[in-house]
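Colleague: sequence first, then the predicted structure, then my questions.
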Number of protein chains: 2
Amino acid sequence: MNDYSIINGKFVLKKEAKILISDLSVQRGYGIFDYFRTVSFQPIFLEDHLDRLFYSARQMNLEAHFCREELKEMIFKLTEKNQIPDSGIRITLTGGYSEDGYSIAKPNLLITQSSFSFNKENFNKGTRLITYQHQRQLPHVKTIDYLMAIHLQSFLKEKNADDLLYFDNNEIRECPRSNFFAVTERGEVITPAKDILRGITRKKILEFSEFNTKEASVHENDLSTIKEAFITSTTKNILPVLEINGRPVGNGRPGQITQMIYEKILLLKENPQSN
Amino acid sequence: MNDYSIINGKFVLKKEAKILISDLSVQRGYGIFDYFRTVSFQPIFLEDHLDRLFYSARQMNLEAHFCREELKEMIFKLTEKNQIPDSGIRITLTGGYSEDGYSIAKPNLLITQSSFSFNKENFNKGTRLITYQHQRQLPHVKTIDYLMAIHLQSFLKEKNADDLLYFDNNEIRECPRSNFFAVTERGEVITPAKDILRGITRKKILEFSEFNTKEASVHENDLSTIKEAFITSTTKNILPVLEINGRPVGNGRPGQITQMIYEKILLLKENPQSN
């Protein structure tokens, strides 16, 4: 197993992977990224992640100086070189080396790979959320802006919770790094659609035809009546929400519908050869 | 004139001033900074800027591994080495090299200096603003988050304006890099106090006892009745606002009270020895 990254098309050892501090990410927090996994060397939902990466770049006026095929070639070469079968690969596009520290320049393209294997044991532990009034900036774009989420880590600890559940105008939005789903009393599996990041795992679940899944508003008041809840992300797959604001969701254990969707997602995402 | 920066206490040539891409500024847009000027080698309002820098660091749970005196010593050494009499000095504290790409680590301290002289000719040109609904995250903290401001640069061009004037809940807040002042029909010089960054030039103007200056809400609707307006910042000093949303402010030229406050600020900030 090796430990290389790629900066603007060139291999560099991870411990030497540097950029100038004039980059607009360092100066102004300006950049976008995407993150996908490899399981047994196979990229998972790569095309979806690249679709979103190029969308994010366009929205942020970051001119990609590479085409999709060139990017895929770089990813392929990196996985060949590093030989990490189960991994997370992050592609970052920054605002570039800005002359005046404010104007967008030629973006820097950073590709890093880290070992990552999905841990099935997390499912039963689940997660405890705490609601917080916040609307992410440019919610559809996967920017590097996690200012509030990281600032609030100490608040989470204080409250003895695992993650934030953002809401705005009394409507649930999302967690800082995952989407939120609720199972209603009528057995509908709903997920907010407005002003959120459209996660790839979320998208796949919405495509499951055998469950009654759909996009719908989740009001703050609805949280007391939902039967099950879970969050979804590339690394978490599905994590049952056992508690919101210190109150149990349903019976406080992973729900049946959550379990069924979880098993279906595992079939789709976790290559059985690697288990 | 030399061109050195300081990273974590060590001199580096600006063109070689780099940090690892695992830094939380690059990964998650997490960091704070402050910026002050030197005029004829004299730092302007240094103590105010350092007060704010340490305040920002505390708010963001960034543990400064240096005391105020050590920081001042570094700044002094940098100005000695670079020999740039009129400059801007930026001190940045980032989230550090995070192991998991999310948790705050030991902050990286970056100090850079660039040549800067105040240009008096900008005063008569003034500036044209366009209002935009936005509330900065953690407004009292000088974070590196300029996501919206930079994203909206193309919008500004389209609208033929120079800068954004943020408002929220019908109340004027500030511009992305400067504070806003309005002169009312009654000759009061008012500046919003709620959910803004407390600028150092703004602070000095509020201390001018011979003008009727005070903190007060400025409602969006008030913009049509104000007699004069100006914005303030470390680099701009005072820039008259000649137009808001395409409509002239007052008679569309720099106002008398604006001019008087401007001259007073120049006396305070621009060391006559350098002129």
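Modeller: Now that the structure is in, tell me what you want to look at.
Colleague: return the backbone torsion pair for A:Phe36.
Modeller: In this entry, A:Phe36 is assigned phi and psi values of phi -140, psi 170 (degrees, to the nearest 10).
Colleague: just give the nearest non-adjacent residue to the residue of the stretch 101-250 of chain A at minimum distance from chain B, would you?
Modeller: Per C-beta to the nearest C-beta, the residue of the stretch 101-250 of chain A with the smallest distance to chain B is A:Tyr146, at 4.0 Å. For every residue, glycine as well, the C-beta is placed using N, CA and C. Counting by C-beta to C-beta, 6 or more residues apart in numbering or on different chains, the nearest residue to A:Tyr146 once its immediate chain neighbours are dropped is B:Arg28, at 4.0 Å.
Colleague: okay, now that neighbour: neighbour count?
Modeller: The criterion is other C-beta atoms under 10 Å in any protein chain shown. On that basis, B:Arg28 has 27 neighbouring residues.
Colleague: let me know the pLDDT of it.
Modeller: B:Arg28 is assigned a pLDDT of 98 by the prediction.
Colleague: give the contact list for it.
Modeller: Residues in contact with B:Arg28 (C-beta atoms under 8 Å, 6 or more residues apart in numbering or on different chains) are A:144-147, A:149-150, B:95, B:98, B:101-102.
Colleague: rewinding a little: so the residue of the stretch 101-250 of chain A closest to chain B is in contact with B:Gly29, correct?
Modeller: Yes. Under the contact definition of C-beta atoms under 8 Å, A:Tyr146 touches B:Gly29, with a separation of 6.5 Å.
Colleague: among those two, which residue is more densely surrounded?
Modeller: When neighbours are counted by other C-beta under 10 Å, A:Tyr146 and B:Gly29 differ, and B:Gly29 comes out ahead with 26 against 21.
Colleague: so who does the more buried one touch?
Modeller: B:Gly29 is in contact with A:25, A:29-31, A:143-147, B:144-145, B:147, counting by C-beta under 8 Å, 6+ apart.
Colleague: filter those to the buried ones?
Modeller: Those of those that meet the buried threshold are A:25, A:29-31, A:143-147, B:144-145, B:147, by 16 or more other C-beta atoms under 10 Å in any protein chain shown.
Colleague: now A:Lys159: closest residue in space, sequence neighbours ignored.
Modeller: Nearest residue to A:Lys159 in three dimensions, chain neighbours excluded: A:Ile130, at 5.1 Å (C-beta to C-beta, 6+ apart).
Colleague: quick one: mean pLDDT over the helix or strand where the one you found lies.
Modeller: In this structure, A:Ile130 is located in strand A:127-133 according to DSSP states H and E. Per-residue pLDDT over strand A:127-133 has a mean of 98.
Colleague: give me the buried positions along it.
Modeller: Buried-residue list, strand A:127-133, by 16+ other C-beta under 10 Å: A:127-130, A:132.
Colleague: which of the residues you listed sits closest to B:Leu268?
Modeller: Taking C-beta to C-beta as the measure, B:Leu268 lies nearest A:Tyr132 of the buried residues of strand A:127-133, at 41.7 Å.
Colleague: report the contact partners of the residue nearest to the closest one when sequence neighbours are not counted.
Modeller: Spatially, and ignoring its direct neighbours in sequence, A:Tyr132 is nearest to A:Leu164 (4.8 Å; C-beta to C-beta, 6+ apart). Contacts were defined as C-beta under 8 Å, 6+ apart; by that measure A:Leu164 touches A:129-132, A:134, A:149, A:152, A:156, A:175-176.
Colleague: measure how buried A:Arg202 is and give me the count.
Modeller: If you count neighbours by other C-beta under 10 Å, A:Arg202 ends up with 24.
Colleague: could you look up the SS state of it?
Modeller: Under the three-state scheme (DSSP: H, G, I helix; E, B strand; the rest coil), the conformation of A:Arg202 reads as helix.
Colleague: quick one: what helix or strand has the closest residue to A:Ile89 other than its chain neighbours in it?
Modeller: Closest residue to A:Ile89 in three dimensions, ignoring its sequence neighbours and counting by C-beta to C-beta, 6+ apart: A:Gln113, at 4.9 Å. Counting by DSSP H and E, the secondary-structure element that holds A:Gln113 is strand A:109-115.
Colleague: list the pairing partners of that strand within its sheet, with orientation.
Modeller: Using DSSP bridges, strand A:109-115 pairs in its sheet with strand A:4-7 (antiparallel), strand A:87-94 (antiparallel).
Colleague: now do that strand: everything it contacts.
Modeller: A:1, A:4-9, A:14, A:17, A:19, A:64-66, A:74-75, A:78-79, A:82, A:84, A:86-94, B:21, B:26.
Colleague: can you point out the buried residues in that strand?
Modeller: Judged by neighbour count using 16+ other C-beta under 10 Å, the buried positions of strand A:109-115 are A:109-113.
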